[in-house]
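Curious how this folds, go ahead:
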Amino acid sequence: MRRARALAVLTGLVAALVPVAPAAAATIGNITGFTGSGASYTITAGAAKVRVSFARADIFRLWLAPDGTFTDPAAGKLTVKTDFGPVTTSSSDAGGYYKIATSALTLRAYKSPLRFELYKADNATLVWRESTGLSWTGSQASQKLARGADEQFYGTGLRLGDWALRDKSVPIAIDNKWRENNNASPAPFYLSTAGYGVMRNTWAKGQYDFLSTVSTRHDENRFDAYYFVGNSLKDVIGDYTDVTGKPFLAPIWGLELGNADCWNASNPDYTGDHNRLRHQTTPDVVGYGSDARSADMPSGWFLPNDGYGCGYTDLPSTVSNLRAKGLHTGLWTQKSLSNIAWEVGTAGTRAVKTDVAWVGGGYQGAFDGVQSAVNGIENNSDARRFVWTVDGWAGTQRNAVVWTGDTYGTWDDMRWHVPAIAGAGFSGLNYAAGDVDGIFSGSPKTYVRDLQWKAFTPAFMTMSGWGATNPQAGYNDKQPWRFAEPYLSINRKYLKLKMQLTPYFYTLTRNATDTGVPTVRAMALEFENDPTARGTATSGQFMAGDSFLVAPVVSDTSTRDRIYLPAGAWTDYWTGKVWQGPGWLDGYNAPLDTLPLFVRGGAIIPMWPQMNYAGEKPATPITYDIHPRGSSSYSLYEDDGLTRSYQTGASARQQVDVTAPASGSGDVRVSVGSLNGSYNGKLSSRGYQVDLHTGAPASVTVDGSALTKYTTQTAFDAATSGWFFDGVLHTKVASRATGFSLVASGVSLAPGTPVTGSPSIPQTAWKVSAVDSQETSAENGAAVNAIDGNPATLWHSQWSGTAAPLPHEITIDMGASYAVNGLSYLPRQDGGANGRIGRYEVYVSADGASWGAAVASGEWADTVAEKRLSFPAKTGRYLRLRALSEAGDSGPWTSAAEIGATQLSGGS
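The predicted model follows:
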């Protein structure tokens, strides 16, 4: 018996090692039958069948059964709504194809062989066209589409890197690596600038290739996809979330900073350090709440870890004592949800962070786990869901915050987090986050810079316990109050600003719940008709709602280049300087305490009085911070911030309308409506401050009565109404229950300085055409690393054996001719110093043979910061950087993390 079993095992091992020949691919054949009407049609092609069913005039499902039997393993979990009422369709035989039409689209089913093409309702404007028919192998089903000449693609979930996907291959699969170009929470959904989106109705992993032929495939022998047709990217996201679910509405404290850690380290079962200072039993977390309040640091919630053997003690008293400090409590669950009814219903916890240890398998398992966490909160309290998870999928937006996993506190990780979090919005993920300064490593500088920009995202959290021991001996903490000056004050500055902006961000999250349009928006989403905003050139910045443009600093520098300002007026939030777009802003002064931040002309931004947590004090007066430009409007949203009563209408709205000159001078009129609606805790009246970013007025009136002018800040602060000008027009309106009309007469609007910086030359076609030396024997120091867009890699001249002598040079073929007027050089970022370029020369050539004189020369400092050059434009296809010395004349080497170039605006 033992021998027989051993032989069977051996036979199985051998079989497993022998490659299995892939099944031959089958492509659907000629149409042999066409039936249907109304919302559903069935097309037969031999044994195979395709069902076309319409959920709405602009949403339909394409469902392939290779053997004629339709199956649905997703079982409706991904699609919460597919019945939007009766759909009127028509069908006809158009000769070479069958035509199915609604008021929004026309689908052509070509006959020989079966192949689909989608058009707008006019049957002339192409949306997409299959290059071949649907195909399958027995284990995989694919669709292949012809790519448009300038078509761009977005989506695929929380992808860790660029959100512009043309020419990229994207796995729709879970690997839990959490590094650049992985998908932390993939979604089988993408959308196109051609005016459509598509979601595969499946749990199976896949691969999407946005190449010259767009090929999308999943590992199952069926094809099942929902298509969404819209007039804009926001329309398509709205359609997608109509079917898969709108983003949930977080409790208002969920917009405040959170922190997760183990505070029960004395537990013998804990797998970490048992001697952690002030982390011995769960109630120790209350001391951390006291630290936050003593440091005057806004924060809203803690997640004590109940996994990795940590567990918890005295949970009800911990929850109660934190709540007394304005802090809410959740649990970071490594194992299960077996006690969640007691934890929520009795102990009073209100949040869950699922851990990869039990949801890391992803797909339906993780999806169901998150749903169980949601049910655990909502079935045992009147609270709203607030769940954090890894390994999300389509539909996760209705249940959870997704975050980027176990990442690092490095400049490079920060660099790709910016497009990752902004790009998640293309998949309807309103809450996408990454641990502030990562979970591993980190530094005071990287913490400050990371916190700055994440303060302009809806949900953010610090993860402690694995960081470097800094800045206080004995602590591995990453709370913002743990740092010394100047970092402490900078962290406080941005947390306080985020807290004041709570009504702005809370309104945006409610709008996301209504429309599917996310709070954080890639430039391509907010400015989809701007060709510059469409691709990767703007991936290092984003819009926080429709008012704030955020351009994070993601390297150790005090200057920010390459900020793209679209058409219109943009006000520097810190200095008040007005810029006029479109164009690129270079050389922006961004010392450590300054996040490059711009406000869009016409913005109306509601702000609370300063407080450290929601409910600490009444939200009165509320400030409307207004940047008048033409006509604009805003609708403030409020509810109790805690319960699900808003779902039955317990909420209020306040409409604000502004009329102003588009430029020059004139009157600015602000109409603030009553706060209409009702909810528990709504103020019966409140005061207002209206700040207008204009010149000084001739007069200010409220409801026709003149306001008193004050000449000092002290006098204005003491008054209940009046106005004061200090470069911004500040007005106060006394507390009231109704709305009012304010008029500032004879004010001027700053004209705006045109932005004149040069756009980057796209590197998609760049190649290294020549290099005199590169190190490939002992490390991958190949020259191509200098133009791969990844600062973590580098080109290094040969150093193993005999070092190649200086000078060294690299020649780049840019793939097309440009009016080159600048070069950027990023020294190696891996901690090494040798090879930093000192004296240099730069050349531009039309043909790569004739170079002429250098367009720039000089000497760079021996620092890690990026270096930038500007020079008179020279037109050419080839760019050469020549290193004459190593910085400080310290050696014979040359190295570079990245080399880039700029062109004259409008160059091609």
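
From now on I want contacts and neighbour counts done on CA atoms only, so please keep to that.
Will do.

For the protein, name the helix or strand with the lowest mean pLDDT.
helix 2-17 (a mean of 33; mean pLDDT, DSSP states H and E).

Report the next helix or strand after that one in sequence order.
Next along the chain after helix 2-17, taking DSSP states H and E as the criterion, comes strand 26-27.

got a list of contacts for the helix or strand just after that next one?
Later in the chain than strand 26-27, the nearest helix or strand by DSSP H and E is strand 33-37. Strand 33-37 has contacts (Cα atoms under 8 Å, 6 or more residues apart in numbering) with Tyr41, Thr42, Ile43, Thr44, Ala45, Thr89, Ser90, Ser91.

Out of those residues, which end up buried?
Buried subset of the contacts of strand 33-37 (neighbour count, 16 or more other Cα atoms under 10 Å): Tyr41, Thr42, Ile43, Thr44, Ala45, Thr89, Ser91.

Take these and keep only those in strands.
Tyr41, Thr42, Ile43, Thr44, Ala45, Ser91 (DSSP state E).

show me the contacts for Ala341.
Per Cα under 8 Å, 6+ apart, neighbours of Ala341: Gly376, Ile377, Asn380.

do you know how far it is from Ser372?
Distance, Ala341 to Ser372, using Cα to Cα, to the nearest Å: 11 Å.

for this structure, what's the longest strand?
strand 808-826.

and that strand, what does it pack onto?
strand 767-771, strand 867-883, strand 898-903 (3 or more Cα pairs under 8 Å, 6 or more residues apart in numbering; DSSP states H and E).

Out of the ones you listed, flag the one nearest Tyr646.
strand 898-903 (50.5 Å; Cα to Cα).

elements contacting that closest one?
strand 808-826.

Quick check: what element follows the strand it packs on along the chain?
Following strand 808-826 in sequence, per DSSP H and E, is strand 839-845.

For Ala551, give me its contacts.
Trp453, Gly540, Gln541, Phe542, Ile563, Leu595, Pro596, Leu597.

Please apply the same query to Asp242.
Lys81, Gly516.

got it, and Lys49?
Thr42, Ile43, Leu64, Ala65, Pro66, Asp67, Gly68, Thr69.

tell me the secondary structure for the last one?
For Thr69, the reduced secondary structure class is coil; criterion used: DSSP: H, G, I helix; E, B strand; the rest coil.

what number of residues lie near it?
Neighbours of Thr69 under the rule other Cα atoms under 10 Å: 12.

how about it, what does it touch?
Lys49 are the contacts of Thr69 under Cα under 8 Å, 6+ apart.

Tell me the secondary structure of the closest residue to Val670 other than its chain neighbours, please.
In space, and not counting its chain neighbours, Val670 is closest to Val658: 4.6 Å by Cα to Cα, 6 or more residues apart in numbering. Judged by three-state DSSP, the three-state class of Val658 is strand.

need the contact list for Val658.
Pro628, Gly630, Ser631, Ser632, Ser633, Val668, Arg669, Val670, Ser671.

Which one of these sits in the busiest neighbourhood?
Pro628 (26 neighbours).

okay but it is in contact with Asp657, surely?
No: here Pro628 does not reach Asp657: they are 10.5 Å apart, not a contact under Cα atoms under 8 Å.

Centre of the chain to stretch 516-526, how far?
8 Å (Cα atoms, centre = their mean, to the nearest Å).

if you average pLDDT over it, what comes out?
Averaging pLDDT along stretch 516-526 gives 98.

for stretch 131-143, same thing?
Stretch 131-143 comes out at a mean pLDDT of 97.

Return the alpha-carbon coordinates of it using PDB.
Provided in PDB are the C-alpha atoms of stretch 131-143 (Å, rounded to 0.1, in the frame of the first residue of the first chain):
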ATOM      1  CA  SER A 131     -10.300  43.400 -34.700                       C
ATOM      2  CA  THR A 132     -11.300  39.700 -34.500                       C
ATOM      3  CA  GLY A 133     -14.200  38.000 -32.900                       C
ATOM      4  CA  LEU A 134     -14.400  36.800 -29.300                       C
ATOM      5  CA  SER A 135     -12.000  33.800 -28.700                       C
ATOM      6  CA  TRP A 136     -11.500  31.100 -26.100                       C
ATOM      7  CA  THR A 137      -9.000  28.400 -25.300                       C
ATOM      8  CA  GLY A 138     -10.900  26.300 -22.800                       C
ATOM      9  CA  SER A 139      -9.200  28.100 -19.900                       C
ATOM     10  CA  GLN A 140      -9.200  31.700 -21.100                       C
ATOM     11  CA  ALA A 141     -11.500  34.000 -23.000                       C
ATOM     12  CA  SER A 142     -10.400  37.200 -24.900                       C
ATOM     13  CA  GLN A 143     -11.600  40.200 -26.700                       C
END
